[in-house]
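Enquirer: A predicted structure for the sequence below; I have some questions about it.
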Amino acid sequence: MEAQSLTLGAEESAWRRLKEAADRRPAVTALIILGVAVIVMVAAKGLHLVAQTGLNGLSLGAIYALGAVGLTLVYGILRLVNFAHGDFLTFGAYMAYLVNVTSGMPLAVGILFAMATTALLGVAFELVLWRPMRARRAGLLQLLLTSIGLALVIRSAIQWFWSTDVRLLDVNTTATVSFLGLRIGRMQLIVIAIGFVVIIAIGLMLSQTLLGKRMRALADDLDLAETAGVNTRRVIVYTWVFAGSLAGLAGVLDASVTALSPNFGFDLLLPIFAAVILGGIGDAYGALAGGMLLGLVTEWSTLFVDAKWKIGVGFVALIVALIVRPQGIFGRARTI
Amino acid sequence: MPAHDPSVILPLGLTLNFFTDTGFWSGVGVLAGIYALVALGLQLNVGYTGMTNFGAAGFMAVGAYAMAILVLKAGFSFWLSLPVAMLIAIGFGLLVGLPSLRLRADYFAIATIALAETVRIIAQNADSLTGGNQGLFCAEGGAGACYNDAWTNLSTTIEGWLQSLGWTNPESLAPLLIVVWLFVVGATLGLRFIQKSPWGRVLRAIREDEDAAEALGKHTFVYKLQSLAIAAAIGAFAGFFLALDLATVHPLDYEPLVTFFAYGVLVLGGLASYWGVLAGAVLFWTILEGTRFIGFGLDDTQIAALRFFIVGLALIVLMVFRPQGMFGKREEMVLGE
């Protein structure tokens, strides 16, 4: 009896030590778990399938990451759970459609136009809506419902002009590229390339430039940043430019590998929220990592369950993250 | 007595016919009643307990699907399926609450909307149980039993009563309208009653300051769970009525949009006012259904877009200029922080 309880105690303390180590180094733990999962998948399904679905995961992950980084900064800085963020993606995609299909110009022009107009949209709402509401000391639910109203306004305006028909951008979706025995859509490869370049640029911007540091400082503690002499108003406007242009880009990228409809951005919103929460709300690097992780896991899930369920992966990840680790993978433990 | 008189046409292409169109008003009344029920549950959660529940559409979906599945697949009678489906919805409410109630209000909002969407995605994809994207419906030509057969019989009986009371040709929706609003008034009176009890006062204490309520020895978690369970039960009934109104249970009828519309009803009526919810529901649906009578030769998608636009704009304008709604009390309005 006594020996049994002793070994139990030893196991328990080993388990606790492991748990404490995991808590101290959450990012390393996440990487180890991911590595083990990949090895198990390769053993079960073979390297080829894992790599092939992994490629799809990278393209989806890039889209999630670009959508998530703006959402998380807006949340961190303004305490605004922006339900209209998904419709920013939709808006960007339709702006690209306007240039790329309606006017027949190249997609690259469409992307730039989408980023500029979506950034403008973000700034416009900051000036006419969010700034006055902050001045009125609007509460959390008030801001939340306003953003839902805004989401409906944007979506209905798009539906008014472009109807609910599913539309395609003028891109070659059938051309594929083969390498190392893997096949990937040319457009998908472009999405991955653009996504990675932009994500690295964002990372450098946030860590190296003064504006990036100020944004992160505001997201961390707005009052403290203001006391330290940061012009918060200006940084907030730049944050909307940042969030809007990246949302616009994410929208075009998603539309170029799938299709446009007035709802598609809102359907991406919950997985993007999941990425934000996985990365720790308000944490820009976390959102990038969370987005990539979620994209990979979503596509890898198709190896084991019917692809029709893959949209559920985002929801499950969201709920599990909220229950197990609401501060996110990289977040410091604090009361949520 | 539908009075389609083409001579009454206003300049902007608007017609005033709907004022005398009983078909229009019974349609509005049924929808208003259903959304009043959902918003009553939200009022309990948001207005009186301070919980930002965004999973209302999930409660309705669980109720409606459980009812239809119990009747169609498990051979339950319609009347027995109702309480059982309600219990299932309550179970779902508890399942939602147990992990997520400890979260802060903003996280709670995201968690509840995600759980409601999970229900919808399961409904959309578990084809053998829920009919998938076809939904559960009654086969044309009446082949086989339908989940609403028992209701159709009762509806005919009520129509008979209405005729004997002197309404020569009652609207087909009239019986549903009457039953829905009996439930709405019953739920309102019931909620007002428990709100005045010591239990209701604890809820308000939680809304004002949860830590203080906890410090006074109230187990706030249990109270919040109960608040959520009651909202789930009411939401299940809203789901039953929607299933009877539409004669089908379809995943697209339980999108997050339903929850957002219910919030529109809630904040239009006003936070912390149960009667306000009823007024909000009637006004909300009168305006929305009234858009059908707009002329200009708009097509259906544009009318639908216009309706969403009105709801969105109304939410923004209300939140900016009158967050307490029509009948809400400013001092009772705890909208976070």
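Expert: That came through fine.
Enquirer: rest of the way, CA atoms for contacts and neighbours
Expert: Will do.
Enquirer: Would you map the helices across the stretch 51-200 of chain A?
Expert: Using DSSP state H, counting those that start in this stretch, the helices found in the stretch 51-200 of chain A span residues A:85-97, A:107-125, A:131-135, A:140-162, A:186-208.
Enquirer: Determine which of the ones you listed approaches chain B most closely.
Expert: With respect to chain B, and counting by CA to the nearest CA, the nearest of these is helix A:140-162 at 3.7 Å.
Enquirer: touching chain B at all, that closest one?
Expert: Yes - judged by CA under 8 Å from any CA of the partner chain, helix A:140-162 comes into contact with chain B through A:140-143, A:145-153, A:155-157, A:159-160.
Enquirer: contacting residues around residue 67?
Expert: All of this refers to chain A. If you count contacts by CA atoms under 8 Å, 6 or more residues apart in numbering or on different chains, residue A:67 has them with A:89, A:243, A:246, A:247, A:250, A:272.
Enquirer: other chain: chain B
Expert: Taking CA under 8 Å, 6+ apart as the definition, contacts of residue B:67 comprise B:78, B:81, B:82, B:84, B:85, B:147, B:240.
Enquirer: go again using 6 Å as the cut-off
Expert: By CA atoms under 6 Å, 6 or more residues apart in numbering or on different chains, residue B:67 lies in contact with B:81, B:85.
Enquirer: which element follows the helix or strand where it lies toward the C-terminus?
Expert: Take DSSP states H and E as the rule and residue B:67 turns out to sit in helix B:56-72. The helix or strand immediately downstream of helix B:56-72 is helix B:78-100, counting by DSSP H and E.
Enquirer: tell me what that next one is packed against?
Expert: On a contact count with 3 or more CA pairs under 6 Å, 6 or more residues apart in numbering or on different chains; DSSP states H and E, helix B:78-100 meets helix B:56-72, helix B:220-246.
Enquirer: ok, and for that helix, which residues are buried?
Expert: Applying a neighbour-count criterion of 16 or more other CA atoms under 10 Å in any protein chain shown, one finds B:78, B:81-94, B:96-97, B:99-100 buried in helix B:78-100.
Enquirer: so which residue of the stretch 201-337 of chain B comes closest to chain A?
Expert: Chain A sits closest to residue B:312 of the stretch 201-337 of chain B, with a gap of 3.7 Å, by CA to the nearest CA.
Enquirer: Which strand or helix spans that residue?
Expert: Residue B:312 belongs to helix B:300-321, assigned by DSSP H and E.
Enquirer: looking at the helices and strands packed on helix B:78-100, which is closest to residue A:308?
Expert: helix B:56-72 (19.9 Å; CA to CA).
Enquirer: just to revisit the earlier point, turn the helices and strands packed on helix B:78-100 into CSV, including mean pLDDT.
Expert: Formatted as CSV, the helices and strands packed on helix B:78-100 follow (pLDDT from 0 to 100):
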stretch, mean pLDDT
helix B:56-72, 93
helix B:220-246, 93
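Enquirer: any idea which of those is most buried?
Expert: Stretch with highest mean neighbour count among these: helix B:56-72 (a mean of 28; mean count of other CA atoms under 10 Å in any protein chain shown).
Enquirer: Just the angle for that helix relative to helix B:78-100, thanks.
Expert: Computed by axes from the mean of the first three to the mean of the last three CA atoms, to 10 degrees, the angle separating helix B:56-72 from helix B:78-100 equals 140 degrees.
Enquirer: lowest-confidence helix or strand of chain B?
Expert: Here the helix or strand of chain B ranked lowest by mean pLDDT, DSSP states H and E is strand B:136-137, holding a mean of 79.
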